[in-house]
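# Kindly return the folded structure for what I paste below:
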Amino acid sequence: MLSEMIRFPELKLQQRLARLEQPEKPVAAVLDTDTYNEVDDQFALAYALLSEEKLQLRAVTAAPFFNGRSAGPGDGMTKSYDEILRVLDLFGRNGKNFAFKGAERYLPDRNTPVDTPAARCIVELAREAKAKNETLHVLAIAALTNVASALLLAPEIVENTVVVWLGGNPVYWPNNDEFNLKQDVPAAQVLFDSGVPLLWIPCMTVAELLLTSVPELEALSHNSGKAGEFLVGRTRDYMAERKMMSKTLWDISTVAAFTVPEAFYFTYLPTPVLQPDRNWQEKPGRHMLKMVRHINRDLVFADLFAKLDKFAAAAR
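Below you'll find the model as predicted:
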């Protein structure tokens, strides 16, 4: 265990805001995902792979999760890694040196990283980006164990990394009982306290808008080929098991924020402090983050399925 608190570089306001501007060119990106947890991660990975005009995906890292679909965080990570490989195969991509296993446990405290191939991959790609005078964008759609570990292992990557996190509920929501956040609270504390430029996509009232149903997905995917069949099939089975009428594809928001920014309403606010009990403490004067407050879901779904259709047409 590390004996001293990690110290992160401090960015000037102008530097932070510049990093959080909508990129004009495609950006180097990593997707950190608990892919087997639900079904939206599979959609997000497919979406990222098909959005090379905005995102140059350099790696996919498997995150831990623990619920009824896993026997523990490590089992959840392994199942997610295997699901990543299945999705990559649909798009003719090889997982070698591209998909990486992540943490098998959550952070023991907010100062101790879990050293894994996934965390090391994020660090290496951030350093490579810095050498090219670029910024690495980490799209995080799971518990933040891998991402926080990378920040703790190499605090200097704060200077040229942007994290886009789908997780937590907005400060005005009455509770923070959200899966990605509550699994690893110390990791979320690391993210919000590190000062790394952060695009935050809260769940309730924000990403929650990306709601869909099996009939809609079937209608949208009729020209989407094997990839569409796989994604809709995963959703159909998941919803049938849980007797659900609708499902939110939360995670596609992190990709859509780059591909259809006109569908998003962004705002800036001082980064809130995440308390150990998961409550937010608003604290004026803290470093600024960029937060999504609203999403036009129709624009997002239109973009996603247009890309799936285009891929299927090219494969015929």
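# Give me the pLDDT value at the residue lying closest to residue 282 once chain neighbours are set aside.
The shortest distance from residue 282 to any non-neighbouring residue, by C-beta to C-beta, 6 or more residues apart in numbering, is to residue 272 (5.3 Å). Every residue, glycine included, has its C-beta placed from N, CA and C. pLDDT, residue 272: 98.
# For residue 272, grab phi and psi.
phi -70, psi 160 (degrees, to the nearest 10).
# Please verify my assumption that it contacts residue 280.
Yes: Residue 272 is within contact range of residue 280, at 4.3 Å (criterion: C-beta atoms under 8 Å).
# so what sits against both of those two?
Residues touching both residue 272 and residue 280 (C-beta atoms under 8 Å, 6 or more residues apart in numbering): residue 171.
# Report the secondary structure state of residue 267.
The three-state label given to residue 267 by DSSP: H, G, I helix; E, B strand; the rest coil is strand.
# The chain should start at 123 in everything you say after this.
Okay, using 123 as the starting number, the last item reads as residue 389.
# quick one, what contacts it?
Here residue 389 is in contact with 412, 413, 415 (criterion: C-beta under 8 Å, 6+ apart).
# In which helix or strand does the first one reside?
Using DSSP states H and E, the secondary-structure element containing residue 412 is strand 410-417.
# So for that strand, what gets flagged as buried?
Along strand 410-417, these residues count as buried under the neighbour rule (16 or more other C-beta atoms under 10 Å): 410, 411, 412, 413, 414, 417.
# Of the residues you listed, which is the nearest to residue 345?
Here the nearest of those to residue 345, counting by C-beta to C-beta, is residue 417; it sits at 24.3 Å.
# Enumerate the beta-bridge partners assigned to that closest one.
Taking DSSP bridges as the rule, residue 417 bridges to residue 386.
# for the closest residue to residue 188 other than its chain neighbours, phi and psi?
Leaving aside its sequence neighbours, residue 188 sits nearest to residue 195 (C-beta to C-beta, 6+ apart; 4.8 Å). Residue 195 has phi and psi values of phi -60, psi -40 when expressed as degrees, to the nearest 10.
# ok, now which ones touch residue 195?
By C-beta under 8 Å, 6+ apart, the contact list for residue 195 reads 186, 187, 188, 225, 226, 227, 228, 267, 305.
# give me that answer again for 10 Å
With contact taken as C-beta atoms under 10 Å, 6 or more residues apart in numbering, residue 195 is in contact with 156, 185-188, 224-228, 236, 265, 267, 305-306.
# which among the residues you listed end up buried?
Buried subset of the contacts of residue 195 (neighbour count, 16+ other C-beta under 10 Å): 156, 185-188, 224-226, 228, 236, 265, 267, 305-306.
# got TSV for the residues you listed, with pLDDT, distance to residue 349 and secondary structure too?
Below are those laid out as TSV (pLDDT from 0 to 100; distance: C-beta to C-beta, whole Å; DSSP: H, G, I helix; E, B strand; the rest coil):
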residue	pLDDT	distance to residue 349	secondary structure
156	98	20	coil
185	98	22	coil
186	98	26	coil
187	98	23	coil
188	98	28	coil
224	98	24	coil
225	98	28	coil
226	98	29	coil
228	98	32	coil
236	98	32	coil
265	98	26	coil
267	98	29	helix
305	98	29	helix
306	98	31	coil
